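Participant: 3D model of this:
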Amino acid sequence: MIIKHLQGLIAAPFTPMDKNGELNLSLIPEYYQFLKRNKVTGAFISGSTGEGVSMSLKERKAVAEAWADATNNDKDFKVMTLLGGISLTDCKELAIYAQQSGLYAVSFTAPFYFKPADAATLAACCKEIADVVPDMPFYYYHIPVLTGVGFSMIDLLKNVDGKVPNFAGIKYTHEDFMDFLSCLHFQNGKYDMLWGRDENMLPALAVGAKGAVGSTFNYAAPLYYDMIDAFNNNDFKKAQSLQQQSIDMITLLGKYGGIATGKAYMKLIGLDCGGFRLPVKNMASEQFELFKKDVEQLNFSSFCSKP
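Facilitator: Predicted structure coming up:
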(Lines give C-alpha, C1' and ligand atoms only; values in the text may rest on other atoms or scores of the structure.)
Protein backbone atom coordinates (compact mmCIF):
# COMPACT_ATOMS: atom_id res chain seq x y z
CA MET A 1 0.00 0.00 0.00
CA ILE A 2 1.21 3.51 -0.86
CA ILE A 3 0.97 5.56 2.33
CA LYS A 4 -0.59 8.98 1.78
CA HIS A 5 0.49 11.82 4.03
CA LEU A 6 -2.57 13.86 4.95
CA GLN A 7 -2.21 17.61 5.22
CA GLY A 8 -4.15 20.44 6.77
CA LEU A 9 -6.67 20.32 9.58
CA ILE A 10 -8.69 17.19 10.30
CA ALA A 11 -11.46 17.84 12.82
CA ALA A 12 -12.40 15.42 15.57
CA PRO A 13 -16.18 15.95 15.43
CA PHE A 14 -18.52 15.85 18.37
CA THR A 15 -21.18 13.19 18.05
CA PRO A 16 -24.52 15.03 17.90
CA MET A 17 -26.96 14.02 20.61
CA ASP A 18 -30.58 14.99 21.23
CA LYS A 19 -31.99 16.23 24.53
CA ASN A 20 -32.42 12.62 25.70
CA GLY A 21 -28.81 11.69 25.00
CA GLU A 22 -29.65 9.68 21.88
CA LEU A 23 -27.81 10.00 18.57
CA ASN A 24 -28.92 12.92 16.40
CA LEU A 25 -27.49 11.72 13.10
CA SER A 26 -29.65 14.09 11.04
CA LEU A 27 -27.20 16.88 11.93
CA ILE A 28 -24.19 15.19 10.32
CA PRO A 29 -24.73 16.35 6.69
CA GLU A 30 -24.92 19.96 7.91
CA TYR A 31 -21.89 19.36 10.17
CA TYR A 32 -19.86 18.06 7.21
CA GLN A 33 -20.79 21.05 5.03
CA PHE A 34 -19.86 23.39 7.87
CA LEU A 35 -16.40 21.82 8.17
CA LYS A 36 -15.90 22.00 4.40
CA ARG A 37 -16.77 25.70 4.30
CA ASN A 38 -14.04 26.26 6.87
CA LYS A 39 -11.44 24.34 4.81
CA VAL A 40 -11.22 21.35 7.14
CA THR A 41 -9.83 18.43 5.14
CA GLY A 42 -11.26 15.47 7.03
CA ALA A 43 -12.93 14.06 10.12
CA PHE A 44 -11.71 11.68 12.84
CA ILE A 45 -15.04 10.34 14.11
CA SER A 46 -16.00 8.52 17.33
CA GLY A 47 -12.72 9.45 18.98
CA SER A 48 -12.31 11.10 22.38
CA THR A 49 -14.22 14.20 21.29
CA GLY A 50 -16.78 12.01 19.52
CA GLU A 51 -17.49 9.91 22.64
CA GLY A 52 -16.70 6.62 20.92
CA VAL A 53 -16.07 4.90 24.24
CA SER A 54 -19.55 5.97 25.44
CA MET A 55 -21.34 4.43 22.46
CA SER A 56 -22.37 0.88 21.70
CA LEU A 57 -20.94 -0.94 18.70
CA LYS A 58 -24.31 -0.52 16.96
CA GLU A 59 -24.21 3.23 17.55
CA ARG A 60 -20.63 3.57 16.31
CA LYS A 61 -21.67 1.76 13.14
CA ALA A 62 -24.55 4.19 12.73
CA VAL A 63 -22.24 7.18 13.16
CA ALA A 64 -19.80 5.72 10.63
CA GLU A 65 -22.59 5.13 8.12
CA ALA A 66 -23.96 8.65 8.58
CA TRP A 67 -20.58 10.25 7.92
CA ALA A 68 -20.01 7.94 4.97
CA ASP A 69 -23.36 8.88 3.46
CA ALA A 70 -22.63 12.59 3.92
CA THR A 71 -19.12 12.50 2.45
CA ASN A 72 -18.84 9.62 -0.01
CA ASN A 73 -19.12 11.92 -3.03
CA ASP A 74 -16.19 13.97 -1.72
CA LYS A 75 -13.00 11.95 -2.09
CA ASP A 76 -10.88 14.88 -0.92
CA PHE A 77 -12.52 14.83 2.52
CA LYS A 78 -10.97 11.95 4.46
CA VAL A 79 -13.04 10.29 7.18
CA MET A 80 -11.51 7.80 9.59
CA THR A 81 -13.24 6.21 12.55
CA LEU A 82 -11.79 5.17 15.87
CA LEU A 83 -12.54 1.49 16.34
CA GLY A 84 -12.07 1.41 20.09
CA GLY A 85 -9.47 0.03 22.41
CA ILE A 86 -10.93 -2.72 24.57
CA SER A 87 -12.43 -5.57 22.57
CA LEU A 88 -10.37 -6.49 19.51
CA THR A 89 -13.34 -8.52 18.28
CA ASP A 90 -15.54 -5.41 18.22
CA CYS A 91 -12.71 -3.43 16.62
CA LYS A 92 -12.45 -5.92 13.77
CA GLU A 93 -16.20 -5.96 13.20
CA LEU A 94 -16.35 -2.16 13.08
CA ALA A 95 -13.29 -2.01 10.78
CA ILE A 96 -15.00 -4.27 8.24
CA TYR A 97 -18.18 -2.20 8.51
CA ALA A 98 -16.23 1.04 8.02
CA GLN A 99 -14.60 -0.35 4.89
CA GLN A 100 -17.92 -1.54 3.49
CA SER A 101 -19.41 1.90 4.21
CA GLY A 102 -16.68 3.61 2.22
CA LEU A 103 -14.73 5.42 4.91
CA TYR A 104 -11.13 6.32 4.13
CA ALA A 105 -9.34 4.84 7.14
CA VAL A 106 -9.66 3.28 10.57
CA SER A 107 -7.85 3.97 13.82
CA PHE A 108 -7.22 2.02 17.00
CA THR A 109 -6.03 3.01 20.45
CA ALA A 110 -4.34 0.86 23.07
CA PRO A 111 -6.47 -1.45 25.22
CA PHE A 112 -6.72 0.42 28.51
CA TYR A 113 -8.17 -2.17 30.92
CA PHE A 114 -5.95 -5.15 30.18
CA LYS A 115 -3.01 -3.14 28.90
CA PRO A 116 -0.39 -4.50 26.47
CA ALA A 117 2.88 -5.33 28.22
CA ASP A 118 5.17 -3.77 25.63
CA ALA A 119 5.34 -2.18 22.19
CA ALA A 120 5.61 -5.60 20.51
CA THR A 121 2.33 -6.72 22.06
CA LEU A 122 0.67 -3.47 21.05
CA ALA A 123 1.96 -4.02 17.51
CA ALA A 124 0.40 -7.50 17.54
CA CYS A 125 -2.95 -5.94 18.47
CA CYS A 126 -2.63 -3.48 15.60
CA LYS A 127 -1.80 -6.28 13.17
CA GLU A 128 -4.75 -8.44 14.20
CA ILE A 129 -7.16 -5.60 13.42
CA ALA A 130 -5.41 -4.14 10.39
CA ASP A 131 -5.25 -7.55 8.71
CA VAL A 132 -9.06 -7.72 8.36
CA VAL A 133 -9.04 -4.57 6.19
CA PRO A 134 -5.75 -4.96 4.27
CA ASP A 135 -6.65 -2.37 1.62
CA MET A 136 -7.60 0.32 4.14
CA PRO A 137 -5.17 2.75 5.85
CA PHE A 138 -4.78 1.93 9.54
CA TYR A 139 -3.70 4.55 12.09
CA TYR A 140 -2.70 4.07 15.70
CA TYR A 141 -4.13 6.69 18.09
CA HIS A 142 -1.53 7.57 20.72
CA ILE A 143 -3.15 9.26 23.71
CA PRO A 144 -1.43 7.98 26.85
CA VAL A 145 -3.10 10.54 29.14
CA LEU A 146 -6.35 8.58 28.64
CA THR A 147 -5.18 5.03 27.91
CA GLY A 148 -2.32 4.85 30.39
CA VAL A 149 -0.24 3.18 27.67
CA GLY A 150 2.80 5.33 27.02
CA PHE A 151 5.30 3.33 24.98
CA SER A 152 7.51 5.35 22.68
CA MET A 153 5.90 5.42 19.27
CA ILE A 154 9.24 4.93 17.55
CA ASP A 155 9.25 1.48 19.17
CA LEU A 156 5.77 0.79 17.82
CA LEU A 157 6.84 1.78 14.31
CA LYS A 158 9.86 -0.50 14.52
CA ASN A 159 7.57 -3.39 15.51
CA VAL A 160 4.97 -2.86 12.76
CA ASP A 161 7.32 -1.91 9.93
CA GLY A 162 7.31 -4.64 7.28
CA LYS A 163 4.69 -6.63 9.22
CA VAL A 164 1.54 -4.49 8.84
CA PRO A 165 1.48 -3.29 5.22
CA ASN A 166 -1.53 -0.99 5.70
CA PHE A 167 -0.18 0.68 8.85
CA ALA A 168 -0.34 4.29 7.62
CA GLY A 169 0.74 6.30 10.63
CA ILE A 170 -0.08 7.66 14.06
CA LYS A 171 -2.43 10.26 15.48
CA TYR A 172 0.02 11.61 18.03
CA THR A 173 -1.75 13.17 21.04
CA HIS A 174 1.17 13.55 23.41
CA GLU A 175 3.90 16.09 24.13
CA ASP A 176 7.05 14.04 23.51
CA PHE A 177 8.61 15.99 20.66
CA MET A 178 11.77 13.88 20.71
CA ASP A 179 9.72 10.75 20.02
CA PHE A 180 7.50 12.55 17.48
CA LEU A 181 10.49 13.80 15.51
CA SER A 182 12.05 10.33 15.53
CA CYS A 183 8.79 8.94 14.12
CA LEU A 184 8.72 11.62 11.41
CA HIS A 185 12.22 10.60 10.30
CA PHE A 186 11.78 6.82 10.62
CA GLN A 187 12.37 4.98 7.33
CA ASN A 188 12.92 8.28 5.51
CA GLY A 189 9.57 9.71 6.56
CA LYS A 190 7.56 6.68 5.52
CA TYR A 191 4.71 7.06 8.01
CA ASP A 192 2.01 9.73 8.25
CA MET A 193 2.39 11.47 11.60
CA LEU A 194 -0.69 13.51 12.48
CA TRP A 195 -0.28 15.94 15.35
CA GLY A 196 -3.02 15.79 18.01
CA ARG A 197 -2.37 18.54 20.57
CA ASP A 198 -3.99 21.78 19.37
CA GLU A 199 -2.37 23.87 22.13
CA ASN A 200 1.10 22.74 20.98
CA MET A 201 0.58 22.97 17.24
CA LEU A 202 3.21 25.64 16.60
CA PRO A 203 6.15 23.61 17.98
CA ALA A 204 4.80 20.60 16.05
CA LEU A 205 4.99 22.66 12.85
CA ALA A 206 8.57 23.56 13.76
CA VAL A 207 9.64 19.91 13.88
CA GLY A 208 7.86 19.07 10.62
CA ALA A 209 4.18 18.25 11.17
CA LYS A 210 2.05 18.76 8.04
CA GLY A 211 -1.30 17.38 9.18
CA ALA A 212 -3.15 17.58 12.47
CA VAL A 213 -6.27 16.17 14.12
CA GLY A 214 -7.95 18.33 16.72
CA SER A 215 -11.18 19.06 18.55
CA THR A 216 -10.84 22.85 18.39
CA PHE A 217 -10.63 22.68 14.59
CA ASN A 218 -14.40 22.14 14.81
CA TYR A 219 -14.99 25.73 15.85
CA ALA A 220 -11.73 27.66 15.30
CA ALA A 221 -10.23 26.35 12.05
CA PRO A 222 -9.45 29.87 10.69
CA LEU A 223 -7.21 30.56 13.69
CA TYR A 224 -5.05 27.52 12.97
CA TYR A 225 -4.86 28.14 9.23
CA ASP A 226 -3.70 31.69 9.98
CA MET A 227 -1.06 30.21 12.30
CA ILE A 228 0.12 27.81 9.60
CA ASP A 229 0.31 30.65 7.07
CA ALA A 230 2.28 32.82 9.49
CA PHE A 231 4.69 29.98 10.20
CA ASN A 232 5.17 29.22 6.50
CA ASN A 233 5.85 32.93 5.86
CA ASN A 234 8.44 33.07 8.68
CA ASP A 235 6.28 35.48 10.68
CA PHE A 236 7.01 33.72 13.93
CA LYS A 237 5.86 36.55 16.17
CA LYS A 238 2.39 36.40 14.60
CA ALA A 239 2.38 32.61 14.77
CA GLN A 240 3.25 32.75 18.47
CA SER A 241 0.46 35.25 19.10
CA LEU A 242 -2.05 33.01 17.33
CA GLN A 243 -0.91 29.99 19.33
CA GLN A 244 -1.48 32.01 22.48
CA GLN A 245 -5.02 32.75 21.31
CA SER A 246 -5.49 29.02 20.88
CA ILE A 247 -4.17 28.40 24.40
CA ASP A 248 -6.47 31.05 25.89
CA MET A 249 -9.44 29.44 24.13
CA ILE A 250 -8.46 25.95 25.28
CA THR A 251 -7.93 27.18 28.85
CA LEU A 252 -11.67 27.81 29.04
CA LEU A 253 -12.28 24.12 28.37
CA GLY A 254 -10.63 23.34 31.70
CA LYS A 255 -12.24 26.26 33.51
CA TYR A 256 -15.74 25.09 32.62
CA GLY A 257 -15.34 21.37 33.19
CA GLY A 258 -13.33 19.84 30.36
CA ILE A 259 -14.20 18.15 27.10
CA ALA A 260 -17.95 18.87 27.23
CA THR A 261 -17.18 22.59 26.99
CA GLY A 262 -16.34 21.99 23.34
CA LYS A 263 -20.02 21.44 22.63
CA ALA A 264 -20.71 24.83 24.27
CA TYR A 265 -18.34 26.42 21.74
CA MET A 266 -20.25 24.61 18.97
CA LYS A 267 -23.53 26.00 20.28
CA LEU A 268 -22.09 29.51 20.09
CA ILE A 269 -21.30 29.12 16.40
CA GLY A 270 -24.76 27.79 15.63
CA LEU A 271 -24.33 24.01 15.57
CA ASP A 272 -26.02 22.54 18.63
CA CYS A 273 -24.62 19.04 19.20
CA GLY A 274 -26.42 18.51 22.50
CA GLY A 275 -24.61 17.32 25.59
CA PHE A 276 -22.13 14.59 26.54
CA ARG A 277 -23.14 11.28 28.04
CA LEU A 278 -22.20 10.23 31.55
CA PRO A 279 -19.68 10.01 33.09
CA VAL A 280 -18.71 13.33 31.46
CA LYS A 281 -20.23 16.29 33.30
CA ASN A 282 -22.06 18.88 31.20
CA MET A 283 -22.12 22.61 31.78
CA ALA A 284 -25.06 23.99 33.78
CA SER A 285 -27.19 26.72 32.15
CA GLU A 286 -25.96 29.40 34.55
CA GLN A 287 -22.36 28.41 33.76
CA PHE A 288 -23.10 28.79 30.05
CA GLU A 289 -23.93 32.46 30.56
CA LEU A 290 -20.62 33.02 32.36
CA PHE A 291 -18.85 31.03 29.65
CA LYS A 292 -20.29 33.29 26.94
CA LYS A 293 -18.90 36.36 28.72
CA ASP A 294 -15.45 34.78 28.95
CA VAL A 295 -15.57 33.82 25.29
CA GLU A 296 -16.40 37.40 24.32
CA GLN A 297 -13.20 38.51 26.08
CA LEU A 298 -11.25 36.25 23.69
CA ASN A 299 -12.62 38.10 20.66
CA PHE A 300 -13.77 34.64 19.56
CA SER A 301 -15.92 35.96 16.72
CA SER A 302 -12.79 37.22 14.94
CA PHE A 303 -11.25 33.77 14.53
CA CYS A 304 -14.01 31.20 14.96
CA SER A 305 -15.28 28.94 12.19
CA LYS A 306 -18.02 30.58 10.19
CA PRO A 307 -21.52 29.12 9.57
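
Participant: ranges for the strands of this structure?
Facilitator: Ranges of strands within the chain are 8-11, 42-45, 78-82, 105-109, 138-142, 167-172, 192-195, 211-214, based on DSSP state E.

Participant: Same list (the ones you listed) but as a markdown table, adding distance to residue 241.
Facilitator: For every residue, glycine as well, the C-beta is placed using N, CA and C. Formatted as a markdown table, these follow (distance: least, CB to CB, whole Å):
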| stretch | distance to residue 241 |
| --- | --- |
| strand 8-11 | 19 |
| strand 42-45 | 27 |
| strand 78-82 | 30 |
| strand 105-109 | 32 |
| strand 138-142 | 29 |
| strand 167-172 | 25 |
| strand 192-195 | 20 |
| strand 211-214 | 19 |
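
Participant: Now render these as a markdown table, adding mean neighbour count.
Facilitator: Formatted as a markdown table, those follow (neighbours: other CB atoms under 10 Å):
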| stretch | mean neighbour count |
| --- | --- |
| strand 8-11 | 24 |
| strand 42-45 | 28 |
| strand 78-82 | 26 |
| strand 105-109 | 27 |
| strand 138-142 | 26 |
| strand 167-172 | 26 |
| strand 192-195 | 26 |
| strand 211-214 | 25 |
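
Participant: And those: which comes nearest residue 34?
Facilitator: strand 8-11 (9.6 Å; CB to CB).

Participant: that older thread, now render the strands of the chain as JSON lines, adding distance to residue 245 and mean pLDDT.
Facilitator: Below are the strands of the chain laid out as JSON lines (distance: least, CB to CB, whole Å; pLDDT from 0 to 100):
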{"stretch": "strand 8-11", "distance to residue 245": "16", "mean pLDDT": "98"}
{"stretch": "strand 42-45", "distance to residue 245": "23", "mean pLDDT": "98"}
{"stretch": "strand 78-82", "distance to residue 245": "27", "mean pLDDT": "98"}
{"stretch": "strand 105-109", "distance to residue 245": "29", "mean pLDDT": "97"}
{"stretch": "strand 138-142", "distance to residue 245": "26", "mean pLDDT": "98"}
{"stretch": "strand 167-172", "distance to residue 245": "23", "mean pLDDT": "98"}
{"stretch": "strand 192-195", "distance to residue 245": "18", "mean pLDDT": "98"}
{"stretch": "strand 211-214", "distance to residue 245": "14", "mean pLDDT": "98"}
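
Participant: For residue 204, which of those strands is the nearest?
Facilitator: strand 192-195 (4.1 Å).

Participant: Which elements pack onto that closest one?
Facilitator: Applying 3 or more CB pairs under 8 Å, 6 or more residues apart in numbering; DSSP states H and E, we find strand 192-195 packed against strand 167-172, helix 177-185, strand 211-214.
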